[in-house]
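K.L.:
Just the structure for this:
(chains A and B)
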Protein chains: 2
Amino acid sequence: MSVDEMRVLEALEALGRRLRDQILKGEPPALEIPARTLANVVWDPKSKMLKLGPRKLRREFLDMGEAKKFMQTVLMLSLIVRARREGDYPTIRDLYYAGKHTIEYVDEHGRRRREETWDSQRESDSVIQDIEVATGLLREHMGILHDTKGKIVGRLIVRSAGDVIDCSRMGDGAYSIPPNPDSLEILEVDAEYVLVIEKDAIFNRLNKERFWEKNKCLLVTGKGQPDRSTRRMVRRLWEEFGLPVYVLTDADPYGFYIYSVYRSGSISLGYESERLATPGARFLGLTVTDIYEYKIPRNFIIKAKERDLKRAKELMNYPWFRQSKEWMRQLKLFLQRQEKVEIEALSGHGFKFLTERYIPEKLSSGKWIE
Amino acid sequence: MSVDEMRVLEALEALGRRLRDQILKGEPPALEIPARTLANVVWDPKSKMLKLGPRKLRREFLDMGEAKKFMQTVLMLSLIVRARREGDYPTIRDLYYAGKHTIEYVDEHGRRRREETWDSQRESDSVIQDIEVATGLLREHMGILHDTKGKIVGRLIVRSAGDVIDCSRMGDGAYSIPPNPDSLEILEVDAEYVLVIEKDAIFNRLNKERFWEKNKCLLVTGKGQPDRSTRRMVRRLWEEFGLPVYVLTDADPYGFYIYSVYRSGSISLGYESERLATPGARFLGLTVTDIYEYKIPRNFIIKAKERDLKRAKELMNYPWFRQSKEWMRQLKLFLQRQEKVEIEALSGHGFKFLTERYIPEKLSSGKWIE
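P.N.:
Numbering: from 1, shown residues only, chains lettered A, B, ... in the order given. Alright, predicted model coming up:
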């Protein structure tokens, strides 16, 4: 077990130890957990991040309304502690099944009754999140696995599980970002910026053109809405190596939302942002104004759908968009014109337009949005 | 340009040269293209593959009903040839935009009219498929890119674009399979079989446990329904290195369908199978009978939905299922019990059950389905 793994196990065990001490002292057992409610997610303009506020929940075993949640939390904690002790790496879905069972009991009227420990993964995921905020650990640190979508290439050398991986020697493929990027030791970074690309196919194209080599950058894709591992990887490159991060998406509210997830996270999972968000991330494009400035042909323009308009209005309420004059201008223009464009539309100006003109022009003239 | 790339360019140019020769001889230009219609997709029981039958379409320029399709095909061919000559790697979406424009003309009544070269990507993709069957090349060979989802780890060393990549040295990550696996030179394979895993999170778990090292195998995932590149990679490992291929999915018709795609491809894209299918692929599980033999707890069993039943009935009509007694038994039992189970349900027996009991037991007792 590595030092990091031991520290994780200790933090988890400490939670259980507190309960044991309460019981031995004859106190009613209770857990204190920072509240993950929307009301307790605070926008911190200084760090440009969503943070959990000071409110805490007390989850008491002897409170009828809390007993089930209390039991679920302790059950999940015991599953995770056992997995760590035995070197298992369950997925969140595995944990759901491993903990799911039927409790039979006799109620106060003498009737036999049955109760499931949890009915859906939503319930088991929710207590994992509680354990995350109670310990300050990400579930990735606890060895819990999930789907990963992220890929990275460029002059970056990392060590993972004893292997040294050179992300500039992946041929036409890429390095698939591991579930827990914090377990990576970043040995060497020889790049001037990180370019995050919404679409996997565009990532493949820029990789095939060896854009990262010609432009001294790292290429990352999270294939649309990024997973937690991709976000954490980008955050580390920004935070630890001071690399500027630029995000390239379609010119539509879904693309802007993807940028927003990299930059600040989602409000409903605000507590993750402190570890996963990259508040310095810059939006390179495509912007709404690009549609007109780059003279995208009329027949390439797609009419916005109702859900695009709805999402644009939602974005206008996010603090990090609301405080940016340029973002508000873009979103207002979008709502007025109701037009969107895909990044591939630039191929109307030739296949090299994106890499030889659009990106270099945007970068050299500083025309990104923050 | 490599020898392979030159051969590709020549095959594409030959198509155009035939048209030029027709015109110079004063003949009406016409293309001959194998028909991709369902009626021309034939199940070949000997090779256990879907193949294109002998029917060909004649696409004539001077036929009013064919002129637009003829023009679309020649337009696409010219875009692809130009990309190959200039070393560009457009995505299928890029090609759609690059070829999309409005043709203005005056009709026989003197009215000005406008016509789009194509209205949707379905139209441009369709002519790419025609060029594939007309040249016998996959679009990947033509340098056309798309989304890729596949990952691979294990004792496998490949060369791609000059880089030598050791897939056993990826740490907790993996090698992301490149868009065109035929461009890979497979230098060394030290494995006894390929285990294809439906779910990415389960792939991550087996990788984290270094299952491939302990069991001398290669692990592959295509994240649900596999993309063409993942299928081609698996096919190469089976065909060129004689590795048995086992597919591990949930016990439900969607999982069985994913196996079916690896094994035989989809009927509507039957022409791809000759290059992408792995007719020897074996279904390791989970089977319908596993639900009962492995004593999956009742509360882990999910009631089948209408679409599951519908898909099971469809599968029973596929020739490769119909000819297998064991598959018919499984599908009938599914329709009778209407119950399904996820692979993670095995975690109810402990997190190590899948890797230390289920898979080894199935392999050593030969209890897979073909």
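
K.L.:
alpha carbons only for contacts and neighbour counts from here, please
P.N.:
Will do.

K.L.:
And the residue of the stretch 251-370 of chain A closest to chain B?
P.N.:
Closest contact between the stretch 251-370 of chain A and chain B, by CA to the nearest CA, is at residue A:348 (4.5 Å).

K.L.:
Wait, a helix at that residue?
P.N.:
Yes: counting by DSSP: H, G, I helix; E, B strand; the rest coil, one finds residue A:348 located in a helix.

K.L.:
Now do the same contact list for the residue nearest in space to the middle of chain A.
P.N.:
Centroid-nearest residue in chain A: residue A:228, 3.3 Å away (criterion: CA atoms, centre = their mean). Counting by CA atoms under 8 Å, 6 or more residues apart in numbering or on different chains, residue A:228 touches residue A:276.

K.L.:
and it, how far is that from residue B:212?
P.N.:
25 Å (CA to CA, to the nearest Å).

K.L.:
For the longest helix along chain A, which outside residues touch it?
P.N.:
The longest helix of chain A (DSSP state H) is helix A:3-24. The contact list for helix A:3-24 (CA under 8 Å, 6+ apart) reads A:28-31, A:74, A:77, A:81, A:84-85, A:135, A:137, A:141-142.

K.L.:
got the residue ranges for the helices in chain A?
P.N.:
In chain A, helices defined by DSSP H lie at A:3-24, A:67-86, A:92-99, A:121-135, A:200-208, A:211-214, A:228-241, A:253-264, A:273-276, A:288-293, A:306-315, A:319-322, A:325-337, A:359-364, listed in chain order.

K.L.:
just so I know, which of these lies nearest residue B:243?
P.N.:
helix A:200-208 (28.2 Å; CA to CA).

K.L.:
Now do that closest one, average pLDDT.
P.N.:
For helix A:200-208, mean pLDDT is 96.

K.L.:
Setting the sequence-adjacent residues aside, check what's closest to residue A:74.
P.N.:
residue A:16 (7.7 Å; CA to CA, 6 or more residues apart in numbering or on different chains).

K.L.:
Quick check: the one you found vs residue B:147, distance?
P.N.:
To residue B:147, residue A:16 is 45 Å away according to CA to CA.

K.L.:
just residue A:14 next, same as before
P.N.:
Going from residue A:14 to residue B:147 by CA to CA gives 45 Å.

K.L.:
Then residue A:29?
P.N.:
51 Å.

K.L.:
In contact with the closest residue to the residue of the stretch 251-370 of chain A closest to chain B other than its chain neighbours: list those residues for me.
P.N.:
With CA to CA, 6+ apart as the criterion, residue A:348 has its nearest non-adjacent residue at 4.5 Å, and that residue is residue B:98. Each residue near residue B:98 by CA under 8 Å, 6+ apart is listed here: A:345, A:347, A:348, A:349, A:350, A:351, B:79.

K.L.:
how does it look with 10 Å?
P.N.:
Residues near residue B:98 by CA atoms under 10 Å, 6 or more residues apart in numbering or on different chains: A:344-351, B:75-76, B:79, B:90, B:92.

K.L.:
low pLDDT regions in the stretch 101-250 of chain A?
P.N.:
Judged against pLDDT under 70, the stretch 101-250 of chain A has no low-scoring part.

K.L.:
Okay, strands next: where are they in it?
P.N.:
Under the criterion DSSP state E, counting those that start in this stretch, the stretch 101-250 of chain A contains strands at A:102-106, A:112-116, A:151-153, A:156-160, A:163-166, A:174-176, A:185-189, A:193-197, A:217-221, A:245-248.

K.L.:
any chance of these in JSON lines, plus distance to residue A:274 and mean neighbour count?
P.N.:
Listed next are the strands of the stretch 101-250 of chain A as JSON lines, based on distance: least, CA to CA, whole Å; neighbours: other CA atoms under 10 Å in any protein chain shown:
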{"stretch": "strand A:102-106", "distance to residue A:274": "37", "mean neighbour count": "12"}
{"stretch": "strand A:112-116", "distance to residue A:274": "34", "mean neighbour count": "12"}
{"stretch": "strand A:151-153", "distance to residue A:274": "22", "mean neighbour count": "27"}
{"stretch": "strand A:156-160", "distance to residue A:274": "23", "mean neighbour count": "20"}
{"stretch": "strand A:163-166", "distance to residue A:274": "28", "mean neighbour count": "18"}
{"stretch": "strand A:174-176", "distance to residue A:274": "24", "mean neighbour count": "26"}
{"stretch": "strand A:185-189", "distance to residue A:274": "20", "mean neighbour count": "15"}
{"stretch": "strand A:193-197", "distance to residue A:274": "20", "mean neighbour count": "24"}
{"stretch": "strand A:217-221", "distance to residue A:274": "21", "mean neighbour count": "27"}
{"stretch": "strand A:245-248", "distance to residue A:274": "17", "mean neighbour count": "24"}
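
K.L.:
Including distance to residue B:321, could those strands go into TSV?
P.N.:
Below are those laid out as TSV (distance: least, CA to CA, whole Å):
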stretch	distance to residue B:321
strand A:102-106	37
strand A:112-116	38
strand A:151-153	36
strand A:156-160	42
strand A:163-166	42
strand A:174-176	34
strand A:185-189	48
strand A:193-197	41
strand A:217-221	38
strand A:245-248	45
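
K.L.:
Can you add distance to chain B and give the ones you listed back as a markdown table?
P.N.:
Converted to a markdown table, these look like this (distance: least, CA to the nearest CA, whole Å):
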| stretch | distance to chain B |
| --- | --- |
| strand A:102-106 | 8 |
| strand A:112-116 | 9 |
| strand A:151-153 | 7 |
| strand A:156-160 | 4 |
| strand A:163-166 | 5 |
| strand A:174-176 | 5 |
| strand A:185-189 | 11 |
| strand A:193-197 | 12 |
| strand A:217-221 | 11 |
| strand A:245-248 | 16 |
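
K.L.:
that older thread, as a markdown table, the helices of chain A with distance to residue B:126 would be great.
P.N.:
A markdown table is the format used below for the helices of chain A (distance: least, CA to CA, whole Å):
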| stretch | distance to residue B:126 |
| --- | --- |
| helix A:3-24 | 52 |
| helix A:67-86 | 50 |
| helix A:92-99 | 39 |
| helix A:121-135 | 41 |
| helix A:200-208 | 19 |
| helix A:211-214 | 30 |
| helix A:228-241 | 34 |
| helix A:253-264 | 27 |
| helix A:273-276 | 41 |
| helix A:288-293 | 28 |
| helix A:306-315 | 29 |
| helix A:319-322 | 41 |
| helix A:325-337 | 32 |
| helix A:359-364 | 31 |
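
K.L.:
Compare these and give me the one nearest residue A:186.
P.N.:
Among those, the nearest to residue A:186 by CA to CA is helix A:228-241 (9.0 Å).

K.L.:
For that closest one, C-alpha coordinates in CSV please.
P.N.:
Output in CSV follows, covering the C-alpha atoms of helix A:228-241 (Å, rounded to 0.1, in the frame of the first residue of the first chain):
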residue,chain,number,x,y,z
ARG,A,228,-14.5,13.9,-13.8
SER,A,229,-11.1,12.4,-14.7
THR,A,230,-10.7,14.6,-17.7
ARG,A,231,-11.6,17.7,-15.7
ARG,A,232,-9.2,16.8,-13.0
MET,A,233,-6.4,16.2,-15.5
VAL,A,234,-7.0,19.6,-17.1
ARG,A,235,-7.1,21.3,-13.7
ARG,A,236,-3.8,19.8,-12.6
LEU,A,237,-2.1,21.0,-15.8
TRP,A,238,-3.4,24.5,-15.2
GLU,A,239,-2.8,24.6,-11.5
GLU,A,240,0.5,22.8,-11.1
PHE,A,241,2.2,23.9,-14.4
